[in-house]
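> Dropping a prediction and its sequence here:
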Amino acid sequence: IMFLFFYLIKKSIIKDKINYITSNLTIKTEDLNELKNLYKNKDFQIKNEFRFKYNNTEIKIESENEFLSFCNGKNESEIADLYFKLCNEGFLFDKVAYKKVINPKISIIIIALNREEFILRILRSIQNQPMKDIEIIFVDDASSDNSVKLLEIFQKYDERIIIIKHETNKGSLISRNEGAYNSKGEYIFYSDSDDLLLYDILNKAYKAAKNGDFEIVQFGVYRRDKKGIIWNYGEIRNTTPIYQPKLSSLMYYYRGYLKQTDWHIWGKLIKKEAFLRTLDSIDNYYLNSSMSVCEDGLLDFMLLKKAKSFIYIRDYGYIYFWNDNSIIHNLQSNINRALKDYFLYLKYLFEHTENNEYEKSMAGDQLNYVYNKFIRDFRKATKNFAFMYEILNLYINCPYIKFHYKIKAKIILNILKNKENLLQNKQYFIFI
């Protein structure tokens, strides 16, 4: 009887997996040639093995089981680094083609803007997930490179891929929201196109969400740079679940749950119903803006205010790749857009922060971050003071002025140190 029971269970699992498979993966010659051309790589191919060195010994991995066998006994950062390299090489565990999933459990939403060099890596990190009943939504925000052409080829062999194309650039905020509106999953998972989902995080996060009917599942995040250095970016300190407390979920978020508190919409599992509820609460003035910097902070801020429940799990599930060419890090070439977006973000914060110690503390954190990261660098990057003046006004007229005396003093001090530049702009001289 026990043998029959396990046989039926195994058969059910295999059948469930087969439900999403159309055939073995055989890339057509014309598509393979097109991929080689797009990648400018004559040797491009769907690799049947992944080779790497570990402790001066060459290791070969040809299957998911071999990957899991090697990972046995290794620490989490080692496994994360290996999975990153494996996906970066384009290695695929299952050499099969997938058909469209009618009722996906999770919709993974990726914003693509001139990210052809990262498309294969993020895609492999999703395709190699043991959870197969998903959909993969790419929102291309008017890329000028080969991102869409690559996706259209990959879509032929994985019908779970959905491509939403913009003719003109609409910004990350509109793109993220459009992905959510067009998703069919019970949950959504945002990822930036140059980042990576770690192995089996979809299963782990989904099980955690369903076990307690949580609207948000947060997990550990690693950060990795181009040199290959990987370190903790959001280490979990506390895993006590929160169910609609008297204070908002947002306040508890700042009670030491993360070693490093950061605001982002990527790298967490979110119940679609909760996210749409969040979008409904945001003014159209902001919702329809072309924000591409700090838009995830705005969404995360409101999501945590509206969430009915959330939980942190100790697993690491995401690698944030430090990309010097992204809008947020390439300040010099995007200074006007960056400052405009931050102005909108801070304005929204001031308008929607409730008068309690936790939310005011949260607003203070963001004021400090914007000052240290942007006001200072902006002064070095340009002599155009328009956005600087608007943002300084926001600081000075902040409704929590007593709480931000130190920040105000730092800003004024910085202005006084730059009198010579400001003298060229009489309005700023009067302002001082």
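Perfect, thanks for sending it.
> mind listing the strands in the stretch 101-250 of the chain by residue range?
Secondary structure of the stretch 101-250 of the chain, counting by DSSP state E, counting those that start in this stretch: strands at 106-112, 134-140, 161-165, 187-192, 196-197, 216-224, 230-234, 242-243.
> Now the third one: buried residues?
The one in question is strand 161-165. For strand 161-165, the neighbour count (16 or more other CB atoms under 10 Å) marks 161-164 as buried. Where you see a C-beta, it was placed from the backbone N, CA and C, and this is true even at glycine.
> Can you check what angle separates it from strand 106-112?
Interaxial angle, strand 161-165 versus strand 106-112 (axes from the mean of the first three to the mean of the last three CA atoms, to 10 degrees): 40 degrees.
> Show me what strand 161-165 is packed up against.
On a contact count with 3 or more CB pairs under 8 Å, 6 or more residues apart in numbering; DSSP states H and E, strand 161-165 meets strand 134-140, helix 147-157.
> With adjacent residues omitted, what lies nearest to Cys294?
Ranked by CB to CB, 6 or more residues apart in numbering and with sequence neighbours excluded, the top spatial neighbour of Cys294 is Tyr345, at 4.3 Å.
> Number of residues surrounding that neighbour?
Here the number of neighbours of Tyr345 (other CB atoms under 10 Å) works out to 22.
> I'd like the numbering to begin with 843 instead of 1 from here.
Shifting the count to begin at 843 puts that one at Tyr1187.
> secondary structure element for it?
The secondary structure element spanning Tyr1187 is helix 1177-1194 (assigned by DSSP states H and E).
> for that helix, what is the average pLDDT?
Confidence for helix 1177-1194, expressed as mean pLDDT, is 76.
> Kindly report the same for stretch 1157-1173.
Stretch 1157-1173 carries an average pLDDT of 70.
> What is the burial count for Lys1150?
The burial metric for Lys1150, expressed as a neighbour count using other CB under 10 Å, is 17.
> ok, back up a step: and the strands of the stretch 943-1092 of the chain as a markdown table, adding distance to Leu1145 and mean pLDDT?
Compiled in a markdown table, the strands of the stretch 943-1092 of the chain are given as follows (distance: least, CB to CB, whole Å; pLDDT from 0 to 100):
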| stretch | distance to Leu1145 | mean pLDDT |
| --- | --- | --- |
| strand 948-954 | 14 | 96 |
| strand 976-982 | 18 | 98 |
| strand 1003-1007 | 21 | 98 |
| strand 1029-1034 | 11 | 96 |
| strand 1038-1039 | 19 | 96 |
| strand 1058-1066 | 7 | 88 |
| strand 1072-1076 | 16 | 72 |
| strand 1084-1085 | 13 | 64 |
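> Tell me which of those strands is the most buried.
Between these, the one whose residues have the most neighbours on average, counting mean count of other CB atoms under 10 Å, is strand 948-954 (a mean of 27).
> Chain neighbours aside, what residue packs nearest to Glu994?
Leaving aside its sequence neighbours, Glu994 sits nearest to Ile1005 (CB to CB, 6+ apart; 6.8 Å).
> In the sheet, which residues pair with that neighbour? Tell me.
When bridges are called by DSSP bridges, Ile1005 pairs up with Phe980.
> what sits against it?
Remark: with contacts taken as CB atoms under 8 Å, 6 or more residues apart in numbering, Ile1005 is in contact with 980, 982, 990, 993-994, 997.
> gap between it and Asp1157?
With distances defined as CB to CB, to the nearest Å, the gap from Ile1005 to Asp1157 amounts to 30 Å.
> Which of the strands of the stretch 943-1092 of the chain sits closest to Lys870?
Closest to Lys870 of the strands of the stretch 943-1092 of the chain, according to CB to CB: strand 1003-1007, at 16.6 Å.
> what angle separates the closest one from helix 989-999?
Relative orientation of strand 1003-1007 versus helix 989-999 (the same axes, to 10 degrees): 150 degrees.
> Based on its surroundings, how many neighbours for Lys1069?
Burial measure for Lys1069: 7 neighbouring residues, criterion other CB under 10 Å.
> about what we covered before: ok, which pair from the contacts of Ile1005 is furthest apart?
Maximum pairwise distance in the contacts of Ile1005, criterion CB to CB, is 12.0 Å, between Asp982 and Gln997.
> where does this protein have its least confident helix or strand?
Sorted by mean pLDDT, DSSP states H and E, the helices and strands of the chain end with helix 1268-1273, the least confident at a mean of 39.
> host element of Lys902?
Using DSSP H and E, Lys902 maps to strand 899-903.
> Identify the neighbouring strands of that strand in the sheet and state each direction.
strand 892-896 (antiparallel).
> Check which residues of the partner strand are buried.
Within strand 892-896, the residues scored as buried using 16+ other CB under 10 Å are Phe892.
> I'd like the average pLDDT over it.
Mean pLDDT, strand 892-896: 92.
> Now it - C-alpha only, PDB.
Presented in PDB, the C-alpha positions along strand 892-896 are these (Å, rounded to 0.1, in the frame of the first residue of the first chain):
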ATOM      1  CA  PHE A 892      28.500  24.000 -16.900                       C
ATOM      2  CA  ARG A 893      32.200  23.800 -15.900                       C
ATOM      3  CA  PHE A 894      33.800  25.700 -13.100                       C
ATOM      4  CA  LYS A 895      36.700  25.500 -10.700                       C
ATOM      5  CA  TYR A 896      36.300  24.800  -7.000                       C
END
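> Which residues outside that strand are in contact with it?
The set of residues that contact strand 892-896 without belonging to it, under CB under 8 Å, 6+ apart, is 900-904, 912, 924, 927-928, 931, 933.
> Specify which member of the residues you listed is nearest to Tyr1064.
In terms of CB to CB, no member of the contacts of strand 892-896 lies closer to Tyr1064 than Leu924, at 12.3 Å.
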